[in-house]
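Okay, here's the prediction I keep looking at, along with the sequence it came from:
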Amino acid sequence: MVKIICTLGPQSLNKKFLKFSNKKIHLLRLNMSHLSLSKLEKSINFIREYSTVPICIDTEGAQIRIKTKKKKFFKEYQKFYIFGKKKNIQLYPAYVLNDLKKGDILSIGFSNLSVKIIEKNEHALCKVISSGYLENNKGVHLVNRKIKLNYLTAKDLEAIQIGKKLKIKNYALSFTNSVKDIIQFNHLLKNENKIFKIETKNAIKSFKEILKYGDQFLIDRGDLSKDVNIENIPIVQRSLFKLKEKYKIKKIYIATNLLESMLENNYPTRGEANDIFNSLEMGAAGLVLAAETAVGKHPKDSVRFLQKMIKAFNKSNL
(Lines give C-alpha, C1' and ligand atoms only; values in the text may rest on other atoms or scores of the structure.)
Protein backbone atom coordinates (compact mmCIF):
# COMPACT_ATOMS: atom_id res chain seq x y z
CA MET A 1 0.00 0.00 0.00
CA VAL A 2 1.36 3.40 -1.00
CA LYS A 3 1.15 5.90 1.84
CA ILE A 4 0.04 9.51 1.52
CA ILE A 5 1.83 11.82 3.94
CA CYS A 6 0.59 15.39 4.33
CA THR A 7 2.17 18.41 5.95
CA LEU A 8 -0.14 20.48 8.09
CA GLY A 9 -0.08 24.27 7.95
CA PRO A 10 -2.37 27.30 7.79
CA GLN A 11 -4.53 25.75 5.03
CA SER A 12 -4.96 22.34 6.64
CA LEU A 13 -4.66 22.62 10.41
CA ASN A 14 -8.42 23.02 10.72
CA LYS A 15 -11.47 20.90 11.52
CA LYS A 16 -12.57 20.37 7.92
CA PHE A 17 -9.26 19.08 6.62
CA LEU A 18 -8.57 16.95 9.68
CA LYS A 19 -11.98 15.27 9.41
CA PHE A 20 -11.32 14.78 5.69
CA SER A 21 -7.93 13.17 6.48
CA ASN A 22 -9.47 10.11 8.12
CA LYS A 23 -9.14 7.01 5.89
CA LYS A 24 -7.47 9.07 3.13
CA ILE A 25 -4.11 10.06 4.64
CA HIS A 26 -1.66 7.77 6.43
CA LEU A 27 0.52 10.29 8.28
CA LEU A 28 0.08 13.95 9.26
CA ARG A 29 3.39 15.84 9.40
CA LEU A 30 4.19 18.72 11.73
CA ASN A 31 7.22 20.59 10.41
CA MET A 32 9.20 22.04 13.31
CA SER A 33 10.92 24.45 10.93
CA HIS A 34 7.59 26.28 10.70
CA LEU A 35 5.97 25.51 14.05
CA SER A 36 6.88 27.05 17.40
CA LEU A 37 7.40 24.92 20.51
CA SER A 38 4.67 26.89 22.24
CA LYS A 39 2.15 25.69 19.65
CA LEU A 40 3.29 22.08 19.31
CA GLU A 41 1.33 20.49 22.15
CA LYS A 42 -1.77 22.53 21.34
CA SER A 43 -1.54 21.47 17.67
CA ILE A 44 -1.19 17.78 18.56
CA ASN A 45 -4.21 17.89 20.85
CA PHE A 46 -6.25 19.76 18.22
CA ILE A 47 -5.36 17.20 15.52
CA ARG A 48 -6.34 14.30 17.77
CA GLU A 49 -9.70 15.91 18.47
CA TYR A 50 -10.72 15.62 14.80
CA SER A 51 -8.47 12.97 13.22
CA THR A 52 -7.30 9.45 14.03
CA VAL A 53 -4.39 9.68 11.56
CA PRO A 54 -0.96 9.21 13.22
CA ILE A 55 1.18 12.34 13.64
CA CYS A 56 4.83 12.73 12.66
CA ILE A 57 7.11 15.35 14.23
CA ASP A 58 9.59 16.45 11.56
CA THR A 59 12.75 17.97 13.05
CA GLU A 60 14.59 21.07 11.90
CA GLY A 61 17.85 19.11 11.74
CA ALA A 62 21.22 20.31 10.49
CA GLN A 63 20.08 23.24 8.37
CA ILE A 64 20.81 26.97 8.39
CA ARG A 65 17.79 29.25 8.00
CA ILE A 66 17.36 32.98 7.50
CA LYS A 67 15.20 35.01 9.89
CA THR A 68 13.82 38.32 8.68
CA LYS A 69 10.87 40.51 9.64
CA LYS A 70 9.64 41.10 6.11
CA LYS A 71 10.02 39.72 2.59
CA LYS A 72 12.28 41.85 0.41
CA PHE A 73 13.64 41.67 -3.13
CA PHE A 74 17.38 42.27 -3.51
CA LYS A 75 18.96 43.21 -6.83
CA GLU A 76 22.43 42.18 -7.99
CA TYR A 77 25.23 44.20 -6.30
CA GLN A 78 22.99 45.38 -3.45
CA LYS A 79 24.44 44.95 0.04
CA PHE A 80 22.94 44.05 3.41
CA TYR A 81 24.07 42.87 6.84
CA ILE A 82 23.39 39.54 8.51
CA PHE A 83 23.51 39.71 12.30
CA GLY A 84 23.58 37.18 15.12
CA LYS A 85 20.47 37.90 17.20
CA LYS A 86 17.60 40.37 17.59
CA LYS A 87 18.15 42.23 14.33
CA ASN A 88 16.22 42.57 11.07
CA ILE A 89 18.18 39.84 9.28
CA GLN A 90 19.81 37.00 11.19
CA LEU A 91 20.80 33.36 10.89
CA TYR A 92 19.36 30.39 12.76
CA PRO A 93 20.92 28.63 14.62
CA ALA A 94 22.70 31.79 15.80
CA TYR A 95 26.05 30.03 16.35
CA VAL A 96 26.43 29.56 12.59
CA LEU A 97 27.38 33.22 12.09
CA ASN A 98 30.61 32.63 14.04
CA ASP A 99 31.66 29.91 11.56
CA LEU A 100 31.20 32.02 8.43
CA LYS A 101 34.07 33.94 6.88
CA LYS A 102 34.86 36.46 4.17
CA GLY A 103 34.42 34.96 0.69
CA ASP A 104 31.67 32.50 1.66
CA ILE A 105 28.76 32.24 -0.77
CA LEU A 106 25.24 31.71 0.55
CA SER A 107 22.31 30.50 -1.54
CA ILE A 108 19.10 31.57 0.18
CA GLY A 109 15.66 30.05 -0.40
CA PHE A 110 14.35 28.99 -3.79
CA SER A 111 14.08 32.31 -5.64
CA ASN A 112 17.69 32.23 -6.86
CA LEU A 113 19.03 34.70 -4.26
CA SER A 114 22.77 34.25 -3.72
CA VAL A 115 25.13 36.48 -1.76
CA LYS A 116 28.85 36.70 -1.07
CA ILE A 117 30.23 37.71 2.32
CA ILE A 118 32.57 40.63 1.66
CA GLU A 119 33.20 41.62 5.29
CA LYS A 120 33.06 39.51 8.43
CA ASN A 121 33.42 40.49 12.09
CA GLU A 122 30.63 40.24 14.68
CA HIS A 123 28.24 40.45 11.73
CA ALA A 124 28.48 39.70 8.00
CA LEU A 125 28.25 42.21 5.19
CA CYS A 126 26.82 40.52 2.10
CA LYS A 127 26.81 41.53 -1.55
CA VAL A 128 24.13 40.10 -3.83
CA ILE A 129 25.58 38.08 -6.72
CA SER A 130 22.24 36.71 -7.94
CA SER A 131 19.01 38.66 -7.39
CA GLY A 132 16.01 37.20 -5.61
CA TYR A 133 13.70 37.40 -2.61
CA LEU A 134 14.85 37.27 0.98
CA GLU A 135 12.06 35.58 2.93
CA ASN A 136 11.70 34.55 6.54
CA ASN A 137 12.61 31.00 7.55
CA LYS A 138 14.01 29.97 4.15
CA GLY A 139 16.90 27.54 4.01
CA VAL A 140 20.44 28.83 3.56
CA HIS A 141 23.00 26.73 1.74
CA LEU A 142 26.73 27.42 2.09
CA VAL A 143 27.87 26.85 -1.49
CA ASN A 144 31.66 26.92 -1.33
CA ARG A 145 32.37 24.68 1.68
CA LYS A 146 30.84 22.71 4.54
CA ILE A 147 30.61 23.66 8.19
CA LYS A 148 29.73 21.37 11.07
CA LEU A 149 26.14 21.66 12.26
CA ASN A 150 24.52 19.84 15.19
CA TYR A 151 22.34 17.02 13.84
CA LEU A 152 19.44 18.31 15.96
CA THR A 153 18.67 21.79 17.23
CA ALA A 154 17.87 22.61 20.85
CA LYS A 155 14.30 23.19 19.67
CA ASP A 156 14.21 19.69 18.14
CA LEU A 157 15.24 18.10 21.44
CA GLU A 158 12.45 19.94 23.27
CA ALA A 159 9.94 18.98 20.55
CA ILE A 160 10.91 15.32 20.91
CA GLN A 161 10.37 15.49 24.68
CA ILE A 162 6.92 16.98 24.10
CA GLY A 163 6.24 14.28 21.51
CA LYS A 164 7.26 11.49 23.89
CA LYS A 165 5.06 12.95 26.64
CA LEU A 166 2.10 12.93 24.24
CA LYS A 167 2.97 9.44 22.94
CA ILE A 168 3.82 10.47 19.37
CA LYS A 169 5.22 7.41 17.61
CA ASN A 170 6.58 8.91 14.36
CA TYR A 171 9.59 11.22 13.91
CA ALA A 172 11.59 12.41 10.90
CA LEU A 173 15.26 13.41 10.97
CA SER A 174 15.89 16.27 8.55
CA PHE A 175 19.24 16.58 6.79
CA THR A 176 20.51 13.14 7.68
CA ASN A 177 24.19 13.28 6.77
CA SER A 178 25.80 10.12 8.05
CA VAL A 179 25.47 6.76 9.74
CA LYS A 180 26.41 8.52 13.00
CA ASP A 181 23.30 10.74 12.70
CA ILE A 182 21.10 7.67 12.31
CA ILE A 183 22.69 5.84 15.23
CA GLN A 184 22.22 8.89 17.47
CA PHE A 185 18.58 9.35 16.39
CA ASN A 186 17.87 5.65 16.87
CA HIS A 187 19.36 5.84 20.38
CA LEU A 188 17.25 8.90 21.21
CA LEU A 189 14.04 7.28 19.91
CA LYS A 190 14.49 3.58 20.61
CA ASN A 191 10.85 2.47 20.29
CA GLU A 192 9.46 4.99 17.81
CA ASN A 193 9.11 4.88 14.02
CA LYS A 194 11.80 6.97 12.34
CA ILE A 195 12.04 8.46 8.86
CA PHE A 196 15.47 9.62 7.69
CA LYS A 197 15.37 12.43 5.16
CA ILE A 198 17.84 12.35 2.29
CA GLU A 199 18.48 15.93 1.22
CA THR A 200 22.26 16.41 1.12
CA LYS A 201 25.16 15.31 -1.04
CA ASN A 202 26.70 13.61 2.01
CA ALA A 203 23.60 11.47 2.45
CA ILE A 204 23.72 10.39 -1.19
CA LYS A 205 27.40 9.43 -0.92
CA SER A 206 26.71 7.47 2.28
CA PHE A 207 23.37 5.98 1.25
CA LYS A 208 24.64 2.43 0.71
CA GLU A 209 25.84 2.40 4.32
CA ILE A 210 22.96 4.48 5.69
CA LEU A 211 20.47 1.92 4.34
CA LYS A 212 21.73 -0.67 6.83
CA TYR A 213 20.79 1.45 9.84
CA GLY A 214 17.31 2.72 9.02
CA ASP A 215 14.05 1.34 7.64
CA GLN A 216 12.27 4.41 6.25
CA PHE A 217 13.81 7.13 4.08
CA LEU A 218 12.43 10.24 2.44
CA ILE A 219 14.00 11.88 -0.61
CA ASP A 220 13.36 15.60 -0.19
CA ARG A 221 14.03 16.85 -3.70
CA GLY A 222 13.69 20.51 -2.75
CA ASP A 223 16.54 20.88 -0.30
CA LEU A 224 18.49 18.21 -2.18
CA SER A 225 18.44 20.47 -5.26
CA LYS A 226 20.48 23.02 -3.29
CA ASP A 227 23.28 20.47 -2.96
CA VAL A 228 22.85 18.65 -6.28
CA ASN A 229 22.20 20.35 -9.62
CA ILE A 230 18.50 20.15 -10.39
CA GLU A 231 19.07 18.33 -13.70
CA ASN A 232 20.68 15.51 -11.72
CA ILE A 233 17.80 15.02 -9.27
CA PRO A 234 16.07 12.37 -11.46
CA ILE A 235 19.37 10.47 -11.71
CA VAL A 236 19.90 10.62 -7.95
CA GLN A 237 16.34 9.48 -7.28
CA ARG A 238 16.75 6.45 -9.52
CA SER A 239 20.17 5.57 -8.11
CA LEU A 240 18.86 5.57 -4.53
CA PHE A 241 15.98 3.26 -5.44
CA LYS A 242 18.47 0.97 -7.20
CA LEU A 243 20.63 0.77 -4.06
CA LYS A 244 17.53 -0.13 -2.03
CA GLU A 245 16.53 -3.03 -4.28
CA LYS A 246 18.12 -5.74 -2.12
CA TYR A 247 16.41 -4.37 1.00
CA LYS A 248 12.84 -5.31 0.14
CA ILE A 249 11.44 -4.45 3.58
CA LYS A 250 12.83 -0.90 3.60
CA LYS A 251 10.84 2.04 2.29
CA ILE A 252 11.57 5.22 0.36
CA TYR A 253 9.12 8.13 0.20
CA ILE A 254 9.25 11.00 -2.30
CA ALA A 255 8.68 14.67 -1.45
CA THR A 256 8.72 18.10 -3.08
CA ASN A 257 6.97 19.54 -6.13
CA LEU A 258 4.70 16.55 -6.68
CA LEU A 259 1.78 18.92 -7.22
CA GLU A 260 3.40 22.37 -7.16
CA SER A 261 0.87 23.82 -9.64
CA MET A 262 -1.93 22.96 -7.22
CA LEU A 263 -0.70 25.60 -4.81
CA GLU A 264 -2.83 27.85 -7.03
CA ASN A 265 -4.85 25.61 -9.37
CA ASN A 266 -7.35 22.90 -8.47
CA TYR A 267 -5.90 20.59 -11.13
CA PRO A 268 -2.34 19.34 -11.81
CA THR A 269 -0.13 19.47 -14.90
CA ARG A 270 0.54 16.48 -17.12
CA GLY A 271 4.19 16.68 -16.14
CA GLU A 272 3.27 16.33 -12.46
CA ALA A 273 1.10 13.30 -13.20
CA ASN A 274 4.00 11.72 -15.08
CA ASP A 275 6.45 12.49 -12.25
CA ILE A 276 4.16 10.85 -9.69
CA PHE A 277 3.68 7.78 -11.88
CA ASN A 278 7.45 7.49 -12.44
CA SER A 279 8.08 7.69 -8.69
CA LEU A 280 5.56 4.92 -8.06
CA GLU A 281 7.10 2.84 -10.84
CA MET A 282 10.53 3.19 -9.18
CA GLY A 283 9.05 1.75 -6.00
CA ALA A 284 8.03 4.72 -3.87
CA ALA A 285 6.33 3.46 -0.71
CA GLY A 286 4.79 6.85 -0.08
CA LEU A 287 4.18 10.30 -1.53
CA VAL A 288 4.57 13.46 0.53
CA LEU A 289 2.59 16.66 0.09
CA ALA A 290 4.32 19.63 1.72
CA ALA A 291 3.43 23.14 0.53
CA GLU A 292 0.46 21.66 -1.38
CA THR A 293 -1.41 20.91 1.86
CA ALA A 294 0.34 23.31 4.25
CA VAL A 295 -0.13 26.59 2.36
CA GLY A 296 -1.70 25.66 -0.98
CA LYS A 297 -5.19 26.74 -1.95
CA HIS A 298 -6.43 23.22 -2.69
CA PRO A 299 -5.21 20.76 -0.02
CA LYS A 300 -8.15 18.36 -0.37
CA ASP A 301 -7.98 18.30 -4.17
CA SER A 302 -4.24 17.58 -3.95
CA VAL A 303 -4.87 14.55 -1.73
CA ARG A 304 -7.68 13.35 -4.00
CA PHE A 305 -5.42 13.55 -7.04
CA LEU A 306 -2.72 11.48 -5.33
CA GLN A 307 -5.39 8.90 -4.57
CA LYS A 308 -6.38 8.85 -8.25
CA MET A 309 -2.75 8.46 -9.35
CA ILE A 310 -2.12 5.58 -6.94
CA LYS A 311 -5.33 3.87 -8.10
CA ALA A 312 -4.37 4.35 -11.77
CA PHE A 313 -0.88 2.98 -11.12
CA ASN A 314 -2.21 -0.09 -9.31
CA LYS A 315 -4.55 -0.80 -12.23
CA SER A 316 -1.94 -0.27 -14.93
CA ASN A 317 -0.14 -3.65 -14.72
CA LEU A 318 2.92 -2.11 -16.41
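Now that the structure is in, tell me what you want to look at.

Provide the partner residues of the nearest residue to R48 once chain neighbours are set aside in its beta bridges.
The shortest distance from R48 to any non-neighbouring residue, by Cβ to Cβ, 6 or more residues apart in numbering, is to I55 (7.7 Å). For every residue, glycine as well, the C-beta is placed using N, CA and C. Judged by DSSP bridges, the bridge partners of I55 are L28.

in terms of contact, does I55 touch H26 like I think?
No: proximity of I55 to H26 does not meet the contact threshold set by Cβ atoms under 8 Å, at 11.4 Å.

which of the two has more neighbours?
I55 (21 against 17; other Cβ atoms under 10 Å).

Contact partners for the more buried one?
27-30, 44, 47-48, 168, 170 (Cβ atoms under 8 Å, 6 or more residues apart in numbering).

what does A294 give?
Here A294 is in contact with 7-12, 31, 34 (criterion: Cβ under 8 Å, 6+ apart).

Now that we have the residues you listed, which of them are buried?
7-9, 11-12, 31, 34 (16 or more other Cβ atoms under 10 Å).

Filter those residues down to the ones in strands?
Among those, DSSP state E puts 7, 31 in strands.

Give me the lowest-pLDDT entry from the buried ones among the contacts of A294.
Least confident entry in those, by pLDDT: H34, with 93.

Am I right that that one is in contact with N137?
Yes: here H34 reaches N137: they are 6.4 Å apart, a contact under Cβ under 8 Å.

which residue sits closest to A273 in space, ignoring its chain neighbours?
Take A273 and drop its neighbours on the chain: the residue closest to it by Cβ to Cβ, 6+ apart is M309, 6.5 Å away.

what about that neighbour, how many residues close to it?
M309: 22 neighbours (other Cβ under 10 Å).

quick one: it and V236, what's the gap?
22 Å (Cβ to Cβ, to the nearest Å).

Okay, now the unreliable bits of this protein?
Where the chain drops to pLDDT under 70, the residues are 86.

Give me the most central residue, it.
D220 (5.9 Å; Cα atoms, centre = their mean).

List of residues touching stretch 132-143?
33-34, 63-74, 80, 89, 91, 100, 104-114, 223, 226-227.

so K127 touches K79, yeah?
Yes: with contact defined as Cβ under 8 Å, K127 counts as touching K79 (5.2 Å).

Touching both of the two, which residues are there?
With Cβ under 8 Å, 6+ apart, K127 and K79 have common neighbours I118.

With neighbour numbers in mind, choose between the two.
K127 (15 against 12).

what secondary structure does that one sit in?
strand (DSSP: H, G, I helix; E, B strand; the rest coil).

Next one: it from P299, what distance?
Taking Cβ to Cβ, one finds K127 at 39 Å from P299.

about what we covered before: of the contacts of I55, buried ones?
Applying 16+ other Cβ under 10 Å to the contacts of I55 flags 27-30, 44, 47, 168, 170 as buried.

out of those residues, which one sits closest to L258?
Within the buried ones among the contacts of I55, the smallest distance to L258 is 13.8 Å, found for R29 (Cβ to Cβ).
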